[in-house]
Every structure is written in structure tokens, then in C-alpha cells.
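K.L.:
Predicted model follows, preceded by the sequence.
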Amino acid sequence: MRPFKSVTIVKYPLDLVWITIRDRLSELAPFMDDIEKVICLEREEQPDGTIRLVNLWQVNPKLPALRVADLSPEALAWIDRAEWQVHNYECSWRIESHLLPEHIQCLGRTRYEPAIGGRGTRITFEGQLEMTTHNLAGVPFFLDGTLLKGIELLATTLIPKNLRKLTEAVSVFLDKTRAS
């Protein structure tokens, strides 16, 4: 498994950021490049305050037209299964890719902590990605390792970058809702 980590600061208080990302993710999607929409498929509240969410993320990446045409819209999506634990402001999550699901495993956790003297929120996003190319059609066995390392490197760079986009989207969204 290849680990990844990203730390960002949002200029809004912890509770507001926590609730906005957890409960208003579909409203944040328009503020994120490449994200077409986020749909909450399931929401389950536990007696201890933990909330389990299942979200469908649909992307519209900026890829060459030929590459995008080769993929169905369903392939450019993933399921995010998350458990939001309010007692410690942590979210454990698991991503289920629609593209090559038997070859990709991604999981991790996101911690939310007060920052900037309580006026901001520090978000620590960390996880692990495991990919296999074994028995992947069209990939010669001698290229497995090279291809795998390249894809993992790309993915573990893009995943934290997307968190930064999400935190930027939260700031823009909250700026706009506060101004209204």
C-alpha cells in the first residue's frame, strides 16, 4: 500500500467546517474542478452521534477527449463510504472505484482540529492506496510493476490535491453563504 497525506487549514471554525463537509457535500461539488456532482445515497445516524454516509462522486476530468470518450460516465465515479465520529472529529472512509474496482483499494481517515486560535480548522487527510495490475487485460506481466508504481504515484498525488480543492471549495462556499 502506498500512503498519502495532506494537511490544510480552513479559515472557519471546526464545527462549521465539519458540518459543511459532512452534510453539504453536494453543494460543494460545483466549487471543485473535475467534480460533476456528489449524491448522498445513504445516511445512517447512530445513537452515539456517529453518522455513516455513502456518497456517489461523479467526475468530469479534464482529460483528452479521446480518453474520456473511451470511458463510460459510470466508470468516472466512485462510492465513498464514510463514518463521521463526532466525539473525536474524525472521519474514517473507504473509496470503491467504479473503474477497475477489483484492482484498487483506497482507505483512510480525516481528522478535524481547531486552528488559528479556534477561528480556523486544521484538516489532516491521510490514507493508503493499493493497486494491482495482475491479470489486468492488455498489461504484459513484465510491465506490471512499472505501470503500478506510475499509477499509484499519480493517484497518491491527485487524492491529496483533491482534498485541497475540497477545502478551498468549503472556504468559497462559506464566504458566499455568509455574504448572502
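P.N.:
Alright, I've got the coordinates.
K.L.:
When you work out contacts or count neighbours from here on, use the C-alpha atoms and nothing else.
P.N.:
Noted.
K.L.:
CA atoms of stretch 80-93 as PDB?
P.N.:
Output in PDB follows, covering the C-alpha atoms of stretch 80-93 (Å, rounded to 0.1, in the frame of the first residue of the first chain):
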ATOM      1  CA  ASP A  80     -17.300   7.000  -0.700                       C
ATOM      2  CA  ARG A  81     -18.300   5.100   2.500                       C
ATOM      3  CA  ALA A  82     -17.600   7.200   5.500                       C
ATOM      4  CA  GLU A  83     -18.100   7.100   9.200                       C
ATOM      5  CA  TRP A  84     -18.200  10.500  10.900                       C
ATOM      6  CA  GLN A  85     -17.300  10.200  14.600                       C
ATOM      7  CA  VAL A  86     -18.300  13.500  16.300                       C
ATOM      8  CA  HIS A  87     -16.700  12.500  19.700                       C
ATOM      9  CA  ASN A  88     -13.200  13.000  18.200                       C
ATOM     10  CA  TYR A  89     -13.900  14.800  14.900                       C
ATOM     11  CA  GLU A  90     -12.600  12.000  12.800                       C
ATOM     12  CA  CYS A  91     -14.000  10.600   9.600                       C
ATOM     13  CA  SER A  92     -12.900   7.100   8.500                       C
ATOM     14  CA  TRP A  93     -13.500   6.400   4.900                       C
END
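K.L.:
Determine the next helix or strand in the C-terminal direction from the worst-scoring helix or strand of the chain on mean pLDDT.
P.N.:
Ranked by mean pLDDT, DSSP states H and E, the weakest helix or strand in the chain is helix 65-69, scoring a mean of 45. Next helix or strand after helix 65-69 toward the C-terminus (DSSP states H and E): strand 77-85.
K.L.:
Give the partner strands of that next one in its sheet and their orientations.
P.N.:
Sheet pairing here is set by DSSP bridges, and for strand 77-85 it gives strand 51-59 (antiparallel), strand 90-97 (antiparallel).
K.L.:
outside of that strand, which residues touch it?
P.N.:
With contacts defined as C-alpha atoms under 8 Å, 6 or more residues apart in numbering, strand 77-85 is touched by 22, 49-59, 90-99.
K.L.:
swap the cut-off to 7 Å and go again
P.N.:
Strand 77-85 is touched from outside by 50-59, 90-98, with contacts defined as C-alpha atoms under 7 Å, 6 or more residues apart in numbering.
K.L.:
Please consider this matter closed, and thank you.
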